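>>> Structure for the following, please:
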Amino acid sequence: MGASRRTMKPAVVTAIAALALALLVGCSDERDASDPPRSQQVANLNPCEVLDGSIRADLELEPLQPIVESYSRSCQYRSIRDAGDESAHVLGATVVIRHSTAANTIADARRLAEAYERSYHATATERDVGGRKVYELTGARSNRLFLTEITADCVLIYAIDATSSIQVTANVAGPDRGCGFHDLPAQLATRMPPTDDRSVPPRTDRVTDVFTIDLCAVIDSDRRRTLGLDDGSPSESPPVMYRSDSCNFYSQADQPGELTSLFASTIDSDAHGLTENHAPPPVAREIGSRRIFRIATSTTDGRRCSDHYEVDNLASFNVTAMTIGPDPAPACRVLDELAPAIEPKLPLVVLEPSLPLNLR
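Alright, predicted model coming up:
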């Protein structure tokens, strides 16, 4: 993790210790033979019930509707206090349960904390309390140029196993911010499955930062020759709202249906957010657990088909093919052929929920 570590205040250590010990209540590794497997226990957890009735009463929170997505389930809790109340209290919390066995995803606590260090420039501190690893993130902020210094009062990620983790993010009103607020409830996540430190994520040689990819090498030379494309030329857009790098490939095509150009790019924005308001809406498909959002459009100089590859909430990889003629199908077929070779060259997918994580 990051080299710098800040000294924890006693109140913070006490709160984390109470929290982690509470998570271990009734969670011995010596489970009854009739208990479901750990993966099934995680799959059965309801994020809106992780904070149980007594905890919600103590923090004066109420859950909203759970959001169930492919590999994560989330729930936001909001304060029941009046909006104008300026006394110390929890403004809101978000619980995110991640679980995926797909080889191209990050769902475990350790690698998730490392991903937050990279993408959100956070400092992650690993705590071993009662045998459970808990990662506290501080100083999280977005790397989007128009959203700087976005911080959360408390972000905690609890280790379950190599394919699962539970994250609690909260914001607090009043002077006692951070993870020591209100002596975070002693029974948080009492239904959490036992931890399994023996479960280790598989090793991978994938890049960790999408912006370090050599975009002109994403399409190998044999494939470029088959498609009639040149070697490509890199391009970098001025950083106005987003950072965007690209490599542009061109051909000498002049017949209907032939590929005229292909553009590979990385952009400082998530794939879903880039495409969700498009009309007609994008068509989504998956490789492993990576979602790819496709948009086919008509332009003045041909048909365009674009695939937007999910990376995390702050970055995506995009490839666009353009062909001659009125039909975008040939351009989309090119992208279908390229996808299996492109996906392994991308970073692992950070399984992020679509709802905000109370970052402010």
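
>>> Let me see the domain layout of this protein.
As given by automatic domain parsing, the domain ranges for the chain are 10-203, 210-345.

>>> Quick check: which of those domains is nearest to L351?
domain 10-203 (4.8 Å; CB to CB). No exception for glycine: its C-beta is placed from N, CA and C like everyone else's.

>>> pLDDT weak spots in this structure?
1-41, 129-130, 140-152, 175-178, 180-193, 197, 237-242, 299-302, 353-360 (pLDDT under 70).

>>> ok, the spatially most central residue of the chain - contacts?
By CA atoms, centre = their mean, the chain has its centre lying nearest to E352, at 3.0 Å. Shown in contact with E352 (CB atoms under 8 Å, 6 or more residues apart in numbering): S72, D270, D312, N313.

>>> from those residues, which is closest to P330?
Taking CB to CB as the measure, P330 sits nearest to D270 out of the contacts of E352, at 28.3 Å.

>>> Hmm, the closest one is touching F317, no?
No. When contacts are counted by CB atoms under 8 Å, D270 is not listed as touching F317 (11.1 Å).

>>> mind listing the helices for the stretch 1-150 of the chain?
For the stretch 1-150 of the chain, applying DSSP state H, counting those that start in this stretch gives helices covering 10-23, 38-44, 53-59, 109-119.

>>> Could I get the full set of strands for the stretch 151-300 of the chain?
For the stretch 151-300 of the chain, applying DSSP state E, counting those that start in this stretch gives strands covering 154-161, 164-173, 233-236, 244-250, 259-267, 283-287, 290-299.

>>> Mind putting those strands into TSV with distance to E114 and mean neighbour count?
Shown next, in TSV, are these (distance: least, CB to CB, whole Å; neighbours: other CB atoms under 10 Å):
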stretch	distance to E114	mean neighbour count
strand 154-161	11	24
strand 164-173	12	23
strand 233-236	27	11
strand 244-250	23	19
strand 259-267	19	21
strand 283-287	23	15
strand 290-299	18	18
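
>>> Format those as a markdown table; extra columns: distance to V96.
Converted to a markdown table, the strands of the stretch 151-300 of the chain look like this (distance: least, CB to CB, whole Å):
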| stretch | distance to V96 |
| --- | --- |
| strand 154-161 | 9 |
| strand 164-173 | 4 |
| strand 233-236 | 34 |
| strand 244-250 | 28 |
| strand 259-267 | 24 |
| strand 283-287 | 20 |
| strand 290-299 | 17 |
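
>>> Nearest to L51, out of those strands?
Of the strands of the stretch 151-300 of the chain, nearest to L51 by CB to CB is strand 164-173, at 8.4 Å.

>>> So what are the sheet partners of that closest one and their directions?
According to DSSP bridges, strand 164-173 has the following sheet partners: strand 89-99 (antiparallel), strand 154-161 (antiparallel).

>>> Give me the common contacts of D270 and F317.
With CB under 8 Å, 6+ apart as the test, D270 and F317 both reach V311.

>>> The two: which is more packed in?
Shown here are D270 and F317; by other CB atoms under 10 Å, F317 has more neighbours (26 against 20).

>>> and the nearest residue to that one once chain neighbours are set aside, what is it in contact with?
Nearest residue to F317, sequence neighbours excluded (CB to CB, 6 or more residues apart in numbering): Y309, at 4.2 Å. Residues counted as contacts of Y309 (CB under 8 Å, 6+ apart) are A271, R290, I292, S316, F317, N318, V319, I342, E343, L346.

>>> which residues does Y309 bridge with?
Beta-bridge pairing of Y309, defined through DSSP bridges, involves I292, F317.

>>> That one and D161: what is the separation?
Using CB to CB, to the nearest Å, Y309 is found at 27 Å from D161.

>>> likewise C75?
With CB to CB as the criterion, C75 and D161 are 21 Å apart.

>>> Could you do M322 as well?
With distances taken as CB to CB, M322 is found 45 Å from D161.

>>> out of the strands paired with strand 164-173, which comes closest to C332?
Using CB to CB, the strands paired with strand 164-173 put strand 89-99 closest to C332, at 31.2 Å.

>>> Can you report how many residues lie near the spatially closest residue to T297 that is not a sequence neighbour?
Leaving aside its sequence neighbours, T297 sits nearest to R304 (CB to CB, 6+ apart; 5.0 Å). R304: 19 surrounding residues under other CB under 10 Å.

>>> Across the sheet, point out what pairs with R304.
Beta-bridge pairing of R304 under DSSP bridges involves T297, M322.

>>> just use 339 as the starting number from now, easier for me
Okay, using 339 as the starting number, the last item reads as R642.
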